[in-house]
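*Asks:* Need the 3D shape of this:
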Amino acid sequence: MDKKVKIIILYKITFLAIFVIVFGKTFIGNTVSGRVHFPKEYVDKTLVMGNGQKFTIFRTLTVNSKTPGTAGFAVFKVRFKFSGLKPEDNKRLSMIPVPFLVGMKGFRAKYWMINEDTGYFQGVYQWTSKEIAENYPDSFIFQLMTKRAASGTVSYEVLPDTDISDYIKYRFPK
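*Replies:* Sure thing, here's the model as predicted:
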């Protein structure tokens with residue numbers, strides 16, 4: 001390996017270490033304080049989306065808020081298909097961004113889902129405001145995910161003034 005490649009790798013490792021330390025500290029603080037939860041209530045439940053596609057929840061994450069209520073909250077929904085890895089591998093790898101998510105301003109919840117028939121993944125997030133939700137695609141985590149997604153498969157939308165609990169409950173089969 002030549003010197004230039006070694007320097008680039010060292011730079012990337014250093015940047016990642018700093019990033020992990022900053023967000024990891026928030027994650028550990030939130031976890032130790034009991035603010036981070038992985039509820040099982042909806043795990044393995046299947047939702048039917050507006051276009052008829054079915055997605056099964058395989059993980060949920062919530063962060064208790066110090067501020068009551070959900071007024072002004074927004075839901076961010078992203079859908080994509082990963083390239084190169086099997087869905088079961090991506091399910092395991094999807095834990096990697098959790099410390100970063102928990103450390104992000106305005107993050108409150110996420111539901112991880114998969115359509116087993118198509119291999120598409122879907123993430124549904126709760127943010128404390130429309131503005132924060134609209135800025136999520138500019139984040140390191142979102143950029144990392146889209147780099148691993150198959151070309152042309154990423155789509156997302158922001159649903160202002162939406163509570164994630166209502167959004168999820170509405171999509172259970174009747």
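*Asks:* In the chain, what residue spans correspond to helices?
*Replies:* Secondary structure of the chain, counting by DSSP state H: helices at 3-32, 87-93, 98-103, 130-135, 140-148, 164-170.
*Asks:* Export those as a markdown table, with columns for distance to Arg59 and mean neighbour count.
*Replies:* C-beta coordinates here come from the backbone N, C-alpha and C atoms, glycine included. Formatted as a markdown table, these follow (distance: least, Cβ to Cβ, whole Å; neighbours: other Cβ atoms under 10 Å):
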| stretch | distance to Arg59 | mean neighbour count |
| --- | --- | --- |
| helix 3-32 | 16 | 12 |
| helix 87-93 | 8 | 13 |
| helix 98-103 | 9 | 20 |
| helix 130-135 | 20 | 18 |
| helix 140-148 | 15 | 14 |
| helix 164-170 | 13 | 15 |
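*Asks:* so where's the chain uncertain?
*Replies:* 1, 11, 15-34, 65-70, 174 (pLDDT under 70).
*Asks:* one step back: figure out which of the helices of the chain is closest to Met49.
*Replies:* helix 164-170 (10.4 Å; Cβ to Cβ).
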